[in-house]
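*Asks:* sequence and predicted structure, then a few things I'm wondering about:
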Amino acid sequence: MQYATPLIFGLSIYLMITRHWIWGIVVLIPCPFILTTRYVTEIDFETKVYRDYVSLLGMSVSQEIKRFNHIDRIIITKGNYSQTINSRIQSRQMDWSDYTGTLIHDGTGKLDLLTRTDKDELVKELVAYAAFLKVGIEDRTTNRPYWVDMNRVVKSLN
């Protein structure tokens, strides 16, 4: 939606120029909301608190605040999904999977950091989180969980 917002803005200007004031304003109203909405996760090591919220026009919406004592690790898990689409002519089944990087704190607390459909892309993005949090990344997508070699990932980025 963020990439389509300039087109929506242009459409609203066009509608106003062609004297369709009401429609131009109606189309223009969602633009600031779309452009300013962000998903934010703040981790404060001094007070040992993290805030997870949606920022809409600079205001926090749907805020979750949790305390932690220590951060253990980041784990990568795989989600497998399936959906059947029925029509009059045929039924079709769509299968897909995604990978989620989850921060584990205090042994049982969880905070989902990132979800991607490509595991390599997820690992590359999680390296920055792991370096900032000073924790390791454990891959649990295989039958035998293993620790990700951070040096190898960093070398592949360069």
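*Replies:* Arrived safely.

*Asks:* all helices of this structure, in order?
*Replies:* 5-17, 21-28, 30-36, 119-133, 150-157 (DSSP state H).

*Asks:* can you redo the ones you listed as CSV with distance to residue 58?
*Replies:* Any C-beta I mention is one placed from the backbone N, CA and C, and that applies to glycine too. Below are those laid out as CSV (distance: least, CB to CB, whole Å):
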stretch, distance to residue 58
helix 5-17, 17
helix 21-28, 19
helix 30-36, 7
helix 119-133, 24
helix 150-157, 33
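
*Asks:* point to the residue nearest the middle of the chain.
*Replies:* residue 114 (4.9 Å; CA atoms, centre = their mean).

*Asks:* which residues does the spatially closest residue to it that is not a sequence neighbour bridge with?
*Replies:* Using CB to CB, 6 or more residues apart in numbering and skipping the chain neighbours, the partner closest in space to residue 114 is residue 101 (4.7 Å). On the basis of DSSP bridges, residue 101 is bridged to residue 76, residue 114.

*Asks:* hang on, residue 101 packs against residue 76?
*Replies:* Yes - in this structure, residue 101 is within contact of residue 76 by CB atoms under 8 Å, at 5.6 Å.

*Asks:* give me the common contacts of the two.
*Replies:* 122, 126, 137 (CB atoms under 8 Å, 6 or more residues apart in numbering).

*Asks:* tally of neighbours for residue 130?
*Replies:* For residue 130, the number of neighbouring residues by other CB atoms under 10 Å comes to 20.
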